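Chemist: pasted the sequence and its predicted model underneath.
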Amino acid sequence: MSLSATYFGANGWLLEFQDPDVSGPGLRVLVDPWLEGPLVFPPGPWLLKAELRDPLPPPEDLDLLLLSQGLPDHCHPPSLALLPPDLPVVASPTAAARVRRLGFSAVTALPPGHSHRCRSLAITATAGAPVPQTENGYLLEHPGGSLYLEPHGFLARDLAPRRLDAVITPVIDLGLPLAGAFVRGRRVLPELLELFQPTTVLASTTGGDVRFSGVVAGLLRGEGTIEEAAATVEQGGAGRARLIHPIPGVAYSLPVG
């Protein structure tokens, strides 16, 4: 069995699943890519703009594009324009509508509670962040490994406990004065450890070398640290789990089984 994960910064990941009973290349899934070009939130760059200092080239030989949200930091038009329009896409309903407008032809909209299969990969959409409509988290189960991901730290309350190999999640809280936290990684981490008992936790969402500007950039407030999260993982996993603070572009082979 084989599962590897490569971080692209922000919310972006390349996941590679290898079926132990099938020879040849595994299944390559690109998640929420921001690959190049500025990231601008409506109504314009004066509010919030982000730029990658070290953009990465788009990965090749992809089998699936998986999108959790329709917001530009998950469904980034300049990055999606680098991908072949016939690449199969599984996405939240808002993201599905966006990529169809961008010319993608094989799009499956997957609301929370619904499932889809791509070869040996079972994909179940879970209720994620309300931004403002409810977007997606995902349970991914494959003979080569299993994981859960949700980029804002919003955990669906109807999820049943199960053992998973890995969890991809933010591990710090990020918010604005008065509005509160819109990324809740610090507070959701103990719940994820109890619910899924993962061997590996991969820190996501707030990583990578990103430069922010605009009115909102100066107001963002974070709570928690990587060191605190690592201690939470070690304690919550009874010494069997580890936290990876990933370096963009590095492929991490994850223990499974």
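Modeler: Sure thing, it's come through.
Chemist: list the contacts of Gly224.
Modeler: 171-173, 185-186 (Cβ atoms under 8 Å, 6 or more residues apart in numbering). Any C-beta I mention is one placed from the backbone N, CA and C, and that applies to glycine too.
Chemist: repeat the analysis, applying 10 Å as the threshold.
Modeler: Neighbour list for Gly224: 170-174, 185-187, 189, 206, 232 [criterion: Cβ atoms under 10 Å, 6 or more residues apart in numbering].
Chemist: which one among those residues gets closest to Glu150?
Modeler: Pro170 (8.8 Å; Cβ to Cβ).
Chemist: pLDDT at the closest one, what is it?
Modeler: For Pro170, the pLDDT comes out at 96.
Chemist: quick check: it touching Gly128?
Modeler: No: using Cβ atoms under 10 Å as the test, Pro170 is too far from Gly128 to be in contact (11.9 Å).
Chemist: shared neighbours of those two, which are they?
Modeler: Counting by Cβ under 10 Å, 6+ apart, the residues touching both Pro170 and Gly128 are 150-153.
Chemist: tell me which of the residues you listed fall in helices.
Modeler: Using DSSP state H, no member of the shared contacts of Pro170 and Gly128 falls within helices.
Chemist: show me the two of the residues you listed that sit farthest apart.
Modeler: Pro151 and Gly153 (8.0 Å).
Chemist: give me the common contacts of those two.
Modeler: 128-129, 137, 169-170, 183, 185, 204-205.
Chemist: switch those residues over to TSV; also include neighbour count.
Modeler: Formatted as TSV, these follow (neighbours: other Cβ atoms under 10 Å):
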residue	neighbour count
Gly128	23
Ala129	21
Gly137	25
Thr169	28
Pro170	25
Val183	24
Gly185	26
Ser204	29
Thr205	25
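Chemist: which single one of those residues is nearest to Arg119?
Modeler: Gly137 (21.3 Å).
Chemist: got the contact list for that closest one?
Modeler: Here Gly137 is in contact with 68, 92, 112, 124-129, 148-156, 159, 168-169 (criterion: Cβ under 10 Å, 6+ apart).
Chemist: tell me the bridge partners for it.
Modeler: Thr126 (DSSP bridges).
Chemist: quick one: it from Arg211, how far?
Modeler: Separation of Gly137 from Arg211 (Cβ to Cβ, to the nearest Å): 28 Å.
Chemist: before we move on, what about Leu52?
Modeler: Counting by Cβ to Cβ, the gap from Leu52 to Arg211 is 8 Å.
Chemist: higher neighbour count, those two?
Modeler: Per other Cβ atoms under 10 Å, whichever of Leu52 and Arg211 has more neighbours is Leu52, with 22 against 11.
Chemist: in strands, which of the contacts of Gly224 fall?
Modeler: By the criterion of DSSP state E, membership of the contacts of Gly224 in strands covers 173-174.
Chemist: can you lay out the contacts of Gly224 as a markdown table showing distance to Ser2?
Modeler: Formatted as a markdown table, these follow (distance: Cβ to Cβ, whole Å):
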| residue | distance to Ser2 |
| --- | --- |
| Pro170 | 26 |
| Val171 | 25 |
| Ile172 | 30 |
| Asp173 | 33 |
| Leu174 | 33 |
| Gly185 | 27 |
| Arg186 | 31 |
| Arg187 | 32 |
| Leu189 | 26 |
| Thr206 | 28 |
| Thr232 | 28 |
